[in-house]
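1. next comes the sequence, and after it the predicted model I'd like to discuss.
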Amino acid sequence: MTNPLLDSTDLPLFDQIAPEHVAPALDALLAAAETSLEIVTAQEFPADWKAISQTLDVSNERLGMAWGAVSHLNSVADTPELRVAYNAALPRVTEFWTRLGSDERLYDKYKAIDVAGLNPEQQQAHKNALRAFVLGGAELQGLAKERYAAIQERLAEITQKFSENTLDATDSFTLTVTEDALKGLPADVLQATRDAALKEGQEGHRLSLKMPVYLPVMQFADNAALREQLYKAHVTRASDQAPEDAKHFDNTPLMQEILALRQEEARLLGFDNYAQASVVPKMAESPEKVIGFLRDLAVKARPFAEKDLADLRDFAAKELGIHGPLNAWDVPYLSEKLKEARYSFSEQEVKQYFTAPKVLAGLFKIIETLFEVNIRPDQAPVWHPAVGFYRIERQGHLVGQFYLDPPARSGKRGGAWMDDVRGRWERPDTGLLQTPVAHLVCNFAEGVNGRPALLTHDDVITLFHEFGHGLHHMLTQVNERDVSGISGVEWDAVELPSQFMENFCWEWSVISHMTAHEQTGKPLPRVLFDKILAAKNFQSGLQTLRQIEFSLFDMLVHSEHDPAQDFMPLLQKVRDEVAVMRPPSFNRMAHTFSHIFAGGYAAGYYSYKWAEVLSADAYAAFEETAAADGTPSVETGRLYRKAILEVGGSRPALESFKAFRGREPNLDALLRHQGMVGA
């Protein structure tokens, strides 16, 4: 029987991959990779970029694609059997990549390459590779090297466990209530929760902590006791504050160990703390510069956040008779009521116009117009019937392809993300050009009663955000794999293209093409769009401080915190410094902060705000060149594509930004875009 993970002829065979394929595939692929490593590190093997790539990179890419497919399935189609197979394989894969990145023989071979014989893309990739060897422990010796490898293996194991605990704690919570308890909820959410109860053979409505259910309850349910119950369940997930029957998901000891191991790793590499190591391959020059940036932005945002909170308290007192401090579970509900009162529309009214097919068509239209490409449905094996597959072409030639997986479901981790399946590469083994392929994953509500899914405007923004990442990966024209697309891009600049795309969700010339009322088919009225636009910066001060709170906690917990101590006092200290609203003492947001404890954002969560400065300033170029009706300039789109998207990581991000804007970025555009000007 053939193993689908060993078929590297084209795209992953997602519909055929089963847990029992994982171990034997990795036996073969790791063995092949080991052989390739021994060949290129032999003394007689030439220190030649292409020769190394032909042997080692080709073998490693096969391993990477197969393991990437398994990892992806583990994120979007988790089963007990797949989890066992994944966790059994994880130490083996981690051990190989760690050893590869710290191999002194390979490091010496790279150092011996004649850089003068490389093209500019290869020179950048070579420079990145040498830096990665240093950060990967290639200069460590003896026991230090062994300890570094052991740390990597243990970190892989426990960050995966953190992710599993978060998913399991989320999936384990259910609450069935009567319809009377759900007054105020939109009809589509009521239908979805009713269907969920029927699926389990129950009457009533089945609630969960998945965002398509949790968020509408917090925003619209009139029942304060129900909101409190769900809020407590949500913010105590995977923590010591969870109910007794869910305490086995507590992430506290994992988090403490993760922080301790990261600090130990950094010190082995010669840094004082993990944050110092983290910023080495980023735009920011030091943790101090990042912390200064965050605190400066917090000072600028604070007056606006204080006004947001004062407005909310005033509204709660005058309109609803609620005096004194506001409960955390009341804030989303009160905020929605205030927004409706101030701007005369509700999110649910808007949602009726954003049907998923129409939104997707509108998104494709702006991408096709601005970046001079065509997007077409395509075919590939997929892991779920809801997954679509598409191709991007320019002048009839394939540029890239992507999978789109929009709906939330059990066994799929929360949030939204883009991941690469493979990168653009002029393959050294065949000489043929390999085109890039991406995963675009969201967690939206599904359609009910056979009708299309309805998206909130925030959902639309999320979709545009992930597509921005995807375009960065797929529109690249770089042929060197390690610096094509998102590869090699500094982590604090990687959010530039994603956050840049969000801006189009506020342009009538774009939105007008992507709405159709789910019952009447009529487009979004201009008067309603103007209300949405007026509300764009509603509570932007509060939202900015919330992001800074997360970012500052992340940077400080990886720089100034003693991992032997409880990290909760540090989080409280950060809140004392920047927050204007204090969550309840039982709030354990950090325990499901997957970005920094199970993702790639450790001492890097600030990247969202850092890149927002870049993206707002980049988008200002489109504002400056738009037509009278707001239609974006194709010429500006072409310059943006060529200066930023197409060059990928082949040069420093700041150089790409300056190639587009003609100068360095500044903070003014971000503050203006978020309405934080002239307090």
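-> Here it is on my side, so go on. Numbering: from 1, shown residues only.
2. which residues of this protein fall in strands?
-> In the chain, the segments counted as strands under DSSP state E are 175-177, 205-207, 374-377, 388-394, 397-407, 417-422, 425-426, 433-434, 437-444.
3. which pLDDT value goes with E347?
-> You'll see E347 listed with a pLDDT of 88.
4. give me the neighbour count for the nearest residue to it once chain neighbours are set aside.
-> Ranked by Cβ to Cβ, 6 or more residues apart in numbering and with sequence neighbours excluded, the top spatial neighbour of E347 is T456, at 5.5 Å. Where C-beta positions appear, they are placed from N, C-alpha and C, glycine not excepted. A count of neighbours around T456, defined by other Cβ atoms under 10 Å, yields 20.
5. so what's T456 up against?
-> Contact analysis of T456 by Cβ atoms under 8 Å, 6 or more residues apart in numbering lists E347, V350, K351, F354.
6. is it true that F597 touches I258?
-> Yes: under the contact definition of Cβ atoms under 8 Å, F597 touches I258, with a separation of 5.8 Å.
7. find residues that contact each of these two.
-> Residues touching both F597 and I258 comprise T159, F162, with contact defined as Cβ under 8 Å, 6+ apart.
8. now the residue nearest to L524 when sequence neighbours are not counted: how far from F504?
-> Closest residue in space to L524, ignoring its immediate chain neighbours: T515 at 3.8 Å, by Cβ to Cβ, 6+ apart. Counting by Cβ to Cβ, to the nearest Å, the gap from T515 to F504 is 14 Å.
9. nearest residue to the most centrally placed residue in the chain other than its sequence neighbours?
-> Residue closest to the mean C-alpha point of the chain, counted by Cα atoms, centre = their mean, is W417 at 4.1 Å. With Cβ to Cβ, 6+ apart as the measure, V441 is the residue that lies nearest to W417, at 5.3 Å, once sequence neighbours are left out.
10. tally up the residues packed near the one you found, please.
-> By the measure other Cβ under 10 Å, the count of residues near V441 is 21.
11. so what's it up against?
-> For V441, counting by Cβ under 8 Å, 6+ apart, the contacting residues are S75, V76, D405, K412, A416, W417, M418, D419, E466.
12. which pLDDT does the model give the second one?
-> As summarised for this prediction, V76 has a pLDDT of 98.
13. OK, contacts around it?
-> Residues near V76 by Cβ under 8 Å, 6+ apart: W383, H384, D405, G411, K412, R413, V441.
14. most neighbours out of those residues, which is it?
-> When neighbours are counted as other Cβ under 10 Å, the busiest of those turns out to be D405, with 23 neighbours.
15. measure L268 to R131 for me?
-> According to Cβ to Cβ, L268 and R131 sit 17 Å apart.
16. how about L454?
-> Distance from L454 to R131, by Cβ to Cβ: 46 Å.
17. out of the two, which sits in the busier spot?
-> Set side by side, L454 and R131 show unequal neighbour counts under other Cβ under 10 Å, the larger going to L454 at 25 against 12.
18. list the contacts of A603.
-> Neighbour list for A603: Y274, A275, A277, S278, V279, P287, D554, M555, H558, S559, I596 [criterion: Cβ under 8 Å, 6+ apart].
19. which helix or strand in this protein has the lowest average pLDDT?
-> Ranking every helix and strand in the chain by mean pLDDT, DSSP states H and E puts helix 668-673 at the bottom, with a mean of 87.
20. what residues sit buried inside the longest helix seen in the chain?
-> If you go by DSSP state H, the chain has its longest helix at helix 287-320. By neighbour count on 16 or more other Cβ atoms under 10 Å, the buried set for helix 287-320 is 287, 290-291, 293-294, 297-298, 300-302, 304-305, 308-309, 312-313, 315-316.
21. picking up where we left off before, looking at the contacts of V441, which one is closest to L570?
-> W417 (27.2 Å; Cβ to Cβ).
22. what's the separation between that closest one and E466?
-> Noted for W417: a distance of 7 Å to E466, by Cβ to Cβ.
23. fine, thanks again, bye for now.
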